[in-house]
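Novice: Sequence and predicted structure are below.
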Amino acid sequence: MSPYQNLEEYNIEIANDVKSSYTKIIGELGEDVNREGLVKTPERAAKAMMFLTQGYKQDAVEILNSAMFAESYDDMVIIKNIELYSLCEHHMLPFFGKAHVAYIPDGHIVGLSKIPRVVDVFARRLQVQERLTHDILECINNTLKPKGVAVVIEAAHMCMMMRGVQKQNSVTTTSGFRGQFEKIETRNEFLKLISSELS
Ligand SMILES: Nc1nc2c(ncn2[C@@H]2O[C@H](COP(=O)(O)OP(=O)(O)OP(=O)(O)O)[C@@H](O)[C@H]2O)c(=O)[nH]1
Ligand SMILES: [Zn+2]
């Protein structure tokens, strides 16, 4: 199975079920599902939701394994400012922000683009920010088996902005560290190198 499955490959029956669920929701919200602007909305919304949750169909381990190269470089590799969009599992509203990922190779490096791909695989699911952080961390740790891995995510949650507590400026930061990043000096070096992005 390709790790880059796209919408066309989704089970058509699931897509149709999601579509009819949206038709029902829109009707129950008091709207006329047959008015011109809304006729195609259930289909569009189903496609959008299936795109935003396509991570369930993708295999992050396979993505990393597809581009691992033997290399003796054993200093820190940092990919910072990886934009991410996810859906909070409590309200199914977006949370979005940036991920900063670092690892210290142990005999193998990975194709740089694969790190943001792994972020997307786990972000495109129903998530909480804490689990998203650990999913990325553990996947890289267990697959690439580096000397250390670090993940920091800073994100804004629409469920805290558009509704509920209605705070427009709060940012949530989560982090996880494994291996050499558990040592305070290594962790601080990483945090310093990404600190221009954390404000
Ligand atoms: N820890 C964590 N909480 C989250 C995340 N996304 C949303 N939440 C929180 O999930 C909680 C759900 O709490 P509930 O009291 O069950 O839901 P609610 O009545 O809609 O809560 P309010 O948002 O406070 O109105 C809220 O406090 C949200 O802020 C996340 O990624 N991590
Ligand atoms: Zn929420």
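Specialist: Arrived safely, thanks for sending. Numbering: from 1, shown residues only. Ligands and ions are numbered 1, 2, ... in the order given.
Novice: Retrieve the pLDDT associated with Pro3.
Specialist: In this model, Pro3 is scored at 46, pLDDT.
Novice: Walking through this protein, point out its helices one by one.
Specialist: For the chain, the helices defined by DSSP state H cover 12-28, 41-52, 60-65, 114-123, 129-144, 158-161, 184-194.
Novice: how about the last one: buried residues?
Specialist: Put plainly, it is helix 184-194. Thr186, Arg187, Phe190, Leu191, Ile194 (16 or more other CB atoms under 10 Å). C-beta here means a position set from N, CA and C on the backbone, and glycine is covered the same way.
Novice: CSV for the residues you listed, including distance to ligand 2 and pLDDT?
Specialist: As requested, the buried residues of helix 184-194 are exported to CSV (distance: CB to the ion, whole Å; pLDDT from 0 to 100):
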residue, distance to ligand 2, pLDDT
Thr186, 33, 98
Arg187, 29, 98
Phe190, 29, 98
Leu191, 27, 97
Ile194, 26, 96
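Novice: check contacts around the residue positioned nearest the centre of the chain.
Specialist: Most central in the chain under CA atoms, centre = their mean is Ala123, positioned 1.9 Å from the mean C-alpha point. For Ala123, the contacting residues are Gly55, Leu84, Tyr85, Ser86, Leu132, by CB atoms under 8 Å, 6 or more residues apart in numbering.
Novice: near ligand 2, which residues of this protein show up?
Specialist: Cys88, His90, His91, Cys159 (CB under 5 Å from the ion).
Novice: Can I get the buried part of those as one PyMOL selection?
Specialist: Only the buried entries of the residues of the chain next to ligand 2 go into this PyMOL selection, using 16+ other CB under 10 Å:
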select buried, resi 88+91+159
